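[1] Below are the sequence and a predicted model for it; my questions follow.
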Amino acid sequence: FTPDNSPLPGNNVQALASTPDGALWIGTLHGLARFHRQQWQVFTPDNSPLPDDFVYSLAVTSDGALWIGTKSGLAQFHQQLWKIFTIENSDLLSNEVVALTPSPDGALWIGTRRGGLVRFQKQRWQVFTLDDSNPSRNKVNPLLFTSDGAIWAGIPSGLARFHKQQWQGFTPDNSDLPSNCVTALTSTSDDALWIGTNDGLARFHRQQWKVFNSKNSPLPVNNVKALTSTSDGTLWIGVYNWSGGGLVRFQQQQWQIFNSYNSPLPSNNVTTLTSTSDGAIWIGTNTATYDTRKSSGLARFHKQQWQVFTPNNGEFPKTFAYFFTLTSTPDGAVWVGTGGGLARFYQQRWQFFTLENSDLPNGQILALTSTPDGALWIGTGPGPVGGLARFHQQQWQIFTPDNSPLPGNFVDALASSPDGALWI
């Protein structure tokens with residue numbers, strides 16, 4: 001169907017939705033169309049209350065109402081009646097409604113351009129913007145969900161917690177957080193939160209803080225780059241700066257240091273860590289500037305045994321020289337994000353995904369997580385080409401600012417919540 005052979009108002013189809021009566025609704029840059037039983041009906045500002053010809057998004061809520069996001073406001077069409085919402089008569093902060101999605105609880109979520117994210121339910125509006133939530137600037141990394149349902153985020157001013165619709169901010173000024181540069185987050189089996197910063201490690205539990213650094217503990221250096229924990233309560237810490245670094249195990253108040261001098265660790269520049277269900281620790285490293293004897297590589301440590309994978313020993317392509325992120329999926333596979341692509345390790349075999357043999361939008365893999373449905377989510381960037389990728393059952397799905405409300409192509413932090421939501 002085109003404007004030449006049908007009443008379709010424009011070739012640029014921006015959105016599609018179907019209503020319970022079986023009708024298909026089509027949003028275009030030149031109006032809204034309804035197609036039902038081979039009959040067309042076209043809506044424009046000239047013949048209807050539609051706020052604008054430019055239709056960005058469509059959604060249908062559980063009551064059968066059609067919602068239309070346009071360049072000049074939000075419209076609801078239900079039982080032949082129109083309702084229009086704009087910045088003049090609602091809590092919307094922008095008239096450009098670029099994304100719409102209903103949630104199972106009956107709320108409508110509204111993504112706007114320059115006006116934040118809005119939740120609308122039972123005539124009540126809730127607006128989330130960069131100004132009224134603690135992540136007051138665009139940089140949000142790292143992210144962690146804890147067992148109480150809270151999400152924790154490292155932000156430029158320190159640490160933020162979002163729980164039950166409330167934000168709480170922690171900085172060196174209002175807490176014992178060692179630095180506002182938060183580099184890593186994890187939780188241990190006792191529900192303690194561990195925070196890595198560029199000036200030490202902090203433990204936050206039951207509103208109490210404890211700080212560890214190179215002066216009051218065996219930490220080799222203060223710059224914490226990675227954290228993970230295992231089910232037995234052991235905390236693993238990756239540290240590095242110009243003078244030293246390595247891998248640290250903290251268990252039952254005992255410290256153990258592993259580095260490239262006393263172990264097979266490929267490099268002291270530990271950049272990422274993850275643990276698997278079998279109790280193994282995976283360590284991603286990059287070349288240490290002060291120790292060129294060792295190159296970047298990946299290591300697995302389990303039951304006091306090491307297994308090392310590097311480009312030099314043939315385990316990795318040379319282009320996979322930088323290791324940025326690690327995660328494991330419920331099937332027992334370990335996924336590795338590198339500077340040259342994505343790698344999967346399963347049953348002692350490697351599989352490599354690159355721009356040439358997959359739909360990856362960018363070869364630099366900066367963030368990885370999995371959701372309860374078994375899907376792997378991949379954050380990529382930087383550069384003009386990048387974005388967010390979903391890989392599930394051998395199928396790829398790519399999200400960018402051009403085809404979704406994703407604010408940018410540079411995705412460097414991901415977390416999934418128990419309800420299946422993805423935080424980016």
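    Nice, I can see it.

[2] Could you list the low-pLDDT ranges of the stretch 151-300 of the chain?
    Where the stretch 151-300 of the chain drops to pLDDT under 70, the residues are 288-295.

[3] Ok, the stretch 301-424 of the chain next?
    Regions of the stretch 301-424 of the chain meeting the criterion pLDDT under 70 cover residues 313-314, 321, 383-384.

[4] Please tell me how far L66 sits from N216.
    Separation of L66 from N216 (Cβ to Cβ, to the nearest Å): 62 Å. Where you see a C-beta, it was placed from the backbone N, CA and C, and this is true even at glycine.

[5] more neighbours, those two?
    L66 (19 against 10; other Cβ atoms under 10 Å).

[6] so what's the nearest residue to the more buried one once chain neighbours are set aside bridging to?
    Distances taken as Cβ to Cβ, 6 or more residues apart in numbering place F77 nearest to L66, at 4.6 Å, with adjacent residues excluded. Here F77 shows beta-bridge partners L66, W82, assigned using DSSP bridges.

[7] How many residues are close by F77?
    20.

[8] contacting residues for it?
    65-68 (Cβ atoms under 8 Å, 6 or more residues apart in numbering).

[9] Give me the phi and psi for F212.
    Dihedral pair for F212: phi -120, psi 140, per degrees, to the nearest 10.

[10] Please name the residues that touch the closest residue to it other than its chain neighbours.
    Spatial nearest neighbour of F212, excluding adjacent residues (Cβ to Cβ, 6+ apart): L201 at 4.4 Å. Applying Cβ under 8 Å, 6+ apart to L201 gives the contacts 178, 194-195, 211-213, 217, 219, 224, 237.

[11] what about burial for the residues you listed, which qualify?
    Neighbour counting with 16 or more other Cβ atoms under 10 Å marks 178, 194-195, 211-213, 219, 224, 237 as buried within these.

[12] Turn the residues you listed into a markdown table, including distance to P3 and secondary structure.
    Formatted as a markdown table, the buried ones among the contacts of L201 follow (distance: Cβ to Cβ, whole Å; DSSP: H, G, I helix; E, B strand; the rest coil):
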| residue | distance to P3 | secondary structure |
| --- | --- | --- |
| P178 | 62 | coil |
| W194 | 59 | strand |
| I195 | 57 | strand |
| V211 | 65 | strand |
| F212 | 66 | strand |
| N213 | 67 | coil |
| L219 | 66 | coil |
| V224 | 59 | strand |
| I237 | 61 | strand |
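
[13] just the residues you listed now: which is nearest Y346?
    The closest of the buried ones among the contacts of L201 to Y346 turns out to be I237 (Cβ to Cβ; 26.9 Å).

[14] from memory the closest one sits against L227, does it?
    Yes: I237 is in contact with L227 according to Cβ atoms under 8 Å; the separation is 5.9 Å.

[15] Mutual contacts of the two, please.
    By Cβ under 8 Å, 6+ apart, the residues touching both I237 and L227 are G196.

[16] Could you find the closest non-adjacent residue to A59?
    Nearest non-adjacent residue to A59 (Cβ to Cβ, 6+ apart): L100, at 3.7 Å.

[17] related to what we said a few turns ago, show me which of the contacts of L201 is closest to T276.
    Using Cβ to Cβ, the contacts of L201 come closest to T276 at I237, 17.7 Å.

[18] Show me what the closest one bridges to in the sheet.
    Going by DSSP bridges, I237 forms beta bridges with L227, V248.

[19] Pull the contacting residues for it.
    196, 201, 219, 224, 226-227, 247-250.

[20] Out of the residues you listed, which comes closest to T146?
    Of all the contacts of I237, T146 sits closest to L227, with 13.4 Å by Cβ to Cβ.

[21] Isn't the closest one up against G238?
    Yes: using Cβ under 8 Å, L227 is in contact with G238, at 7.3 Å.

[22] Give the intersection of the neighbour lists for those two.
    In contact with both L227 and G238: 184, 273, using Cβ under 8 Å, 6+ apart.

[23] what's the helix or strand for the residue nearest to F212?
    strand 200-205 (DSSP states H and E).
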